[in-house]
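> Sharing a sequence plus its predicted fold:
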Number of protein chains: 2
Amino acid sequence: MSDQVKYLLSEEQMPKSWYNIAADLPVPLPPPLHPGTGQPIGPDDLAPIFPMEVIRQEVSTERRIDIPKEVRDIFRQWRPSPLYRARRLEKALGTPARIYYKYEGVSPAGSHKPNTSIPQAFYNKAEGVRRLTTETGAGQWGSSLAFAGALFGLEVEVFMVRVSYDQKPYRRALMEAYGARCVASPSPETESGRAILASNPDSTGSLGIAISEAVERAVQSPDTKYALGSVLNHVLLHQTILGEEAMLQLEMAGDYPDVIVGCTGGGSNFGGIAFPFLGEKLRGGRDVEIIAVEPAACPTLTKGVYAYDFGDTGHLTPLVKMHTLGSTFVPPGFHSGGLRYHGMAPLVSHIQELGLISSRAYKQLETFEAGVLFGRAEGILPAPEANHAVKGAIDVALECKRDGRARTILFNLCGHGHFDMQAYIDFAAGKLKDIDYSQADLERALAGLPKVAA
Amino acid sequence: MSDQVKYLLSEEQMPKSWYNIAADLPVPLPPPLHPGTGQPIGPDDLAPIFPMEVIRQEVSTERRIDIPKEVRDIFRQWRPSPLYRARRLEKALGTPARIYYKYEGVSPAGSHKPNTSIPQAFYNKAEGVRRLTTETGAGQWGSSLAFAGALFGLEVEVFMVRVSYDQKPYRRALMEAYGARCVASPSPETESGRAILASNPDSTGSLGIAISEAVERAVQSPDTKYALGSVLNHVLLHQTILGEEAMLQLEMAGDYPDVIVGCTGGGSNFGGIAFPFLGEKLRGGRDVEIIAVEPAACPTLTKGVYAYDFGDTGHLTPLVKMHTLGSTFVPPGFHSGGLRYHGMAPLVSHIQELGLISSRAYKQLETFEAGVLFGRAEGILPAPEANHAVKGAIDVALECKRDGRARTILFNLCGHGHFDMQAYIDFAAGKLKDIDYSQADLERALAGLPKVAA
């Protein structure tokens, strides 16, 4: 049997700083705008919802930002995470490609999300915050913030997208076991939620709606702040620890990626794996092809428009320039709840506009087929979100087989699927369907984009 | 915040052999007997169900048995597993005790069970076997054997105890994702199962019944063998890798356990953590107190009798001398399916008889309270089985607090609870009850013990 190879770093090799791609961008990121004035927003506009250190990181152009020692001390529980050479998968595919994956399912919450929930909780705690509110799709982010809240003694309130709340009771139970309060969104507890429920009592919810509810709650209480699990610059910054580690681990393997594949919902795990390598390229180092993979049912990068839009459905956030399907677009209820977001990280959108990455969309069923193939070869059953990256990596490996090219592929396996087994039950029973979005809904949502000078 | 400390070994430090406690026992283990003749059985009696290398290990008295390189190559994916100093838990308890836990939830199946499923699959494959049958309680063992089967290209058929089959669909889905066939037990597919169903169509099943079904199936097909996940000597042998690692890791910490706590169902994770240290003591090394923790609803070590009994309910296995509640005892349907076994490993039973260990029984609710306390402090939500070890360790730590003693406590956290969240949902909702066994059933089962000269 061809066996996996595991590349492990010592605790001393864990990165002590995050990499900020803003320092190396050939064109600066378009600034967020105030929806009322159309002018760039300043730190004061964000102060009601974020602590100052997070705001500072959001707008920083320093190349390296220190990871606080207190945060690294917690990370040590599961970091540095392993990098694997997927030799058994390579053999199953009969590909000459070398496939490596970074595995973030080793965290206590089972995904990459604690990489940012821990520092966010730390900064909030340091600035005297008592309660954090947030949204969650599949529940990976909500459970990670709940974990962080338990460690720092912060109350955590999670607005969980209704369809996931119903599909994934296990994730919800994990949040509650950590001591968090979990509310199905849209909820009757906020103005934003009540407005949605009034027009559609059966709304399955969306990340855009849940963000509105969580932001609304934070704005109303002085001791409460809001924490976001993806999309924003500081979140992608925090996730670069995984790409930085992967770079050191590939050095141990004596290899370097020709292709990097990541799945994209809000863009944080993708940014985490891709940015350190992209920065290398932007500074004149080695070239690398970077592929973002998204669900065909929520095709932000492949079918969205690049425009200023709200981050939430209730229009409480600033306007950010990104690939968007329109802030009122409600994706169908497929199983990758973490990828059901109408927008995309401004940083990821920007680098796609600059031609630095390409994107692909896959349907639900083919990603589950890829996930089961991967699970039988490598032993780890991926989260539905991660199945998109797996499918992308397998497709590149099969292209290598067809072309007889021994390329090096790196992807991020952002989480395990242990909380998502209902999706695998449905898949095995033939009940999982490819769900498509409604073209009319998409057009309606895009027609409602705010009018802003670009 | 007081932070955890993680002790990690390099791959090179992974043990290359298992420790066999049979070499150091002051009194030899009573042999298994043939139920017909009452005479000790020989290798030929076991050949229909086990491969020869497994039988050799079952009866071996060599102190060290090599772990095949092929097996170690697979173990590398997650081994050596981490040992943690639970500083956050210590602080939450306010105890002067030092609490260490070995964490086996890092395996792809989420528990310690692959430590034996991988070598068992390897030996079967090497001897030309094509299909493995087994039983499973909570599903930890079944999913681990399914994982091993996927790696070695062996068909796997799992008889899953009915109550767990219904309570834990996620574990079943994991087995099926790995390609195994999973059948609720008692099933209409075997004589043993049909006999139980005829007398009680609503039987919740038990490990004893499921073992009968799996053994029956193996005996009937020449290319099919049976694999057991606990109880037998070779299984406990395979689990010593975790105790051997823990010993090296405690050496790194400059510490040595005063008390070892393990949960016991069949006894394999308990033997794995305890035997290497007990062997040290038996060879004149340091003393250590060892405590086995079991569910009060299936109190084999604390309420059972030490006698020759069948390992299964259908009476297809040899007789082994062990603490037993009687082979027809059906434990109530509490959530720790992995601990619902009428018997106990002969090795664990024997050392309790020799006064080398003590045992305690806990009720369901108090173990979940301990698990949630542990989860909030340490971030890892344990499997319900592991909650028994957590509760035992916390109680010892609180005794240390009362007595002002700074003892060193080691326990094995044998698996995470990510597949068992229904139990946590019920617990949080106040629906989880302490379930007791029926005294009349116990007496009836004990009255049916086979008559054998001891």
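Arrived safely. Numbering: from 1, shown residues only, chains lettered A, B, ... in the order given.
> What parts of the stretch 351-454 of chain A come near chain B?
A:372, A:375-381, A:416, A:418-419, A:421-422, A:424-425, A:428 (Cβ under 8 Å from any Cβ of the partner chain). (Each C-beta comes from the backbone N, C-alpha and C, glycine too.)
> List the ones among those that fall in strands.
Among these, no member falls in strands (DSSP state E).
> Looking at those residues, which are in helices?
Filtering those for membership in helices, criterion DSSP state H, returns A:372, A:375-378, A:421-422, A:424-425, A:428.
> and the two most separated of the residues you listed?
For these, the farthest-apart pair by Cβ to Cβ is A:377 and A:422; their separation is 23.0 Å.
> Tell me which of those two has more neighbours.
Counted by other Cβ atoms under 10 Å in any protein chain shown, residue A:377 and residue A:422 do not tie: residue A:377 has more neighbours, with 20 against 16.
> could you measure that one against residue A:84, distance?
Separation of residue A:377 from residue A:84 (Cβ to Cβ, to the nearest Å): 11 Å.
> now residue A:163
32 Å.
> Show me the domain layout of chain A.
Chain A breaks down by automatic domain parsing into domains covering A:8-13+A:67-110+A:233-446, A:20-55+A:113-226.
> ok, and the closest non-adjacent residue to residue A:33?
Using Cβ to Cβ, 6 or more residues apart in numbering or on different chains and skipping residues adjacent in sequence, the residue nearest residue A:33 is residue A:319, 4.4 Å away.
> Could you do residue A:149 as well?
residue A:156 (3.7 Å).
> What number of residues are in the vicinity of the residue nearest to residue A:33?
Residues lying near residue A:319 (other Cβ under 10 Å) number 24.
> Strand partners (parallel or antiparallel) of the one helix or strand residue A:182 maps to?
Applying DSSP states H and E as the criterion places residue A:182 in strand A:181-185. The strands beside strand A:181-185 in its sheet (DSSP bridges) come out as strand A:155-161 (parallel).
> when you scan the next helix or strand after the partner strand, is anything in it near chain B?
Moving toward the C-terminus from strand A:155-161, the next helix or strand (DSSP H and E) is helix A:162-167. No - Helix A:162-167 does not reach chain B (Cβ under 8 Å from any Cβ); its nearest approach is 12.7 Å.
> Helix A:162-167 - contacts with which helices or strands?
If contacts are counted by 3 or more Cβ pairs under 8 Å, 6 or more residues apart in numbering or on different chains; DSSP states H and E, helix A:162-167 sits against strand A:181-185.
> what does the strand it packs on contact?
The contact list for strand A:181-185, computed with Cβ atoms under 8 Å, 6 or more residues apart in numbering or on different chains, reads A:135, A:142, A:155-162, A:165-166, A:172, A:175-176, A:189, A:193, A:205, A:209-210, A:213.
> Write out the residues of the stretch 1-150 of chain A neighbouring chain B.
Residues of the stretch 1-150 of chain A lying near chain B by Cβ under 8 Å from any Cβ: A:1, A:3-6, A:8, A:10-11, A:70, A:73-74, A:76-77, A:84, A:88, A:106, A:108-110, A:147, A:150.
> Now restrict the residues you listed to buried residues only.
The neighbour-count test (16 or more other Cβ atoms under 10 Å in any protein chain shown) marks A:3-6, A:8, A:70, A:73-74, A:76-77, A:84, A:88, A:106, A:108-110, A:147, A:150 as buried among the residues of the stretch 1-150 of chain A next to chain B.
> Quick check: the residue of the stretch 1-150 of chain A nearest chain B.
Residue of the stretch 1-150 of chain A nearest chain B, by Cβ to the nearest Cβ: residue A:108 (3.6 Å).
> Please apply the same query to the stretch 201-350 of chain A.
Closest point on the stretch 201-350 of chain A to chain B, by Cβ to the nearest Cβ, is residue A:252, at 12.3 Å.
> what ranges do the helices span in the stretch 351-454 of chain A?
A:364-378, A:384-403, A:421-428, A:439-447 (DSSP state H, counting those that start in this stretch).
> Check which residues of the first one are buried.
Within helix A:364-378, the residues that qualify as buried by neighbour count (16+ other Cβ under 10 Å) are A:364, A:366-368, A:370-378.
> what are the ranges of the helices in the stretch 201-350 of chain A?
Under DSSP H, counting those that start in this stretch, the stretch 201-350 of chain A gives helices at A:207-220, A:233-253, A:268-282, A:300-303, A:346-353.
> ok, back up a step: I'd assumed residue B:379 was in contact with the residue of the stretch 1-150 of chain A closest to chain B.
Yes - between residue A:108 and residue B:379 a contact is recorded at 3.6 Å, counting by Cβ atoms under 8 Å.
> For the two, list the residues in contact with both.
Joint contacts of residue A:108 and residue B:379 (Cβ under 8 Å, 6+ apart) are A:77, A:147.
> Pull the contacting residues for the closest residue to residue A:407 other than its chain neighbours.
Leaving aside its sequence neighbours, residue A:407 sits nearest to residue A:258 (Cβ to Cβ, 6+ apart; 4.2 Å). Residues near residue A:258 by Cβ under 8 Å, 6+ apart: A:288-289, A:407-409.
> Show the backbone phi and psi for residue A:258.
Per-residue torsions, residue A:258: phi -80, psi -30 (degrees, to the nearest 10).
> quick one: it from residue A:399, how far?
The spacing between residue A:258 and residue A:399, counted by Cβ to Cβ, is 12 Å.
> what's the answer for residue A:67, then?
37 Å.
> out of the two, which sits in the more crowded spot?
A count of neighbours by other Cβ under 10 Å puts residue A:67 above the other of residue A:67 and residue A:399, at 20 against 15.
> Just list the residues touching the more buried one, thanks.
Going by Cβ under 8 Å, 6+ apart, residue A:67 touches A:15-18, A:75, A:119, A:241.
> Apply 6 Å and report the result again.
The contact partners of residue A:67, by Cβ atoms under 6 Å, 6 or more residues apart in numbering or on different chains, come to A:16-17.
> Now the most centrally placed residue in chain A: closest residue in space that isn't a chain neighbour?
With distances taken as Cα atoms, centre = their mean, residue A:268 lies nearest the centre of chain A, 3.7 Å away. Excluding its sequence neighbours, the residue lying closest to residue A:268 (Cβ to Cβ, 6+ apart) is residue A:230, at 4.0 Å.
> what about the one you found, neighbour count?
29.
> That one contacts residue A:266, correct?
Yes - Residue A:230 lies in contact with residue A:266 (Cβ atoms under 6 Å); the separation is 2.6 Å.
> With that, I have no additional questions.
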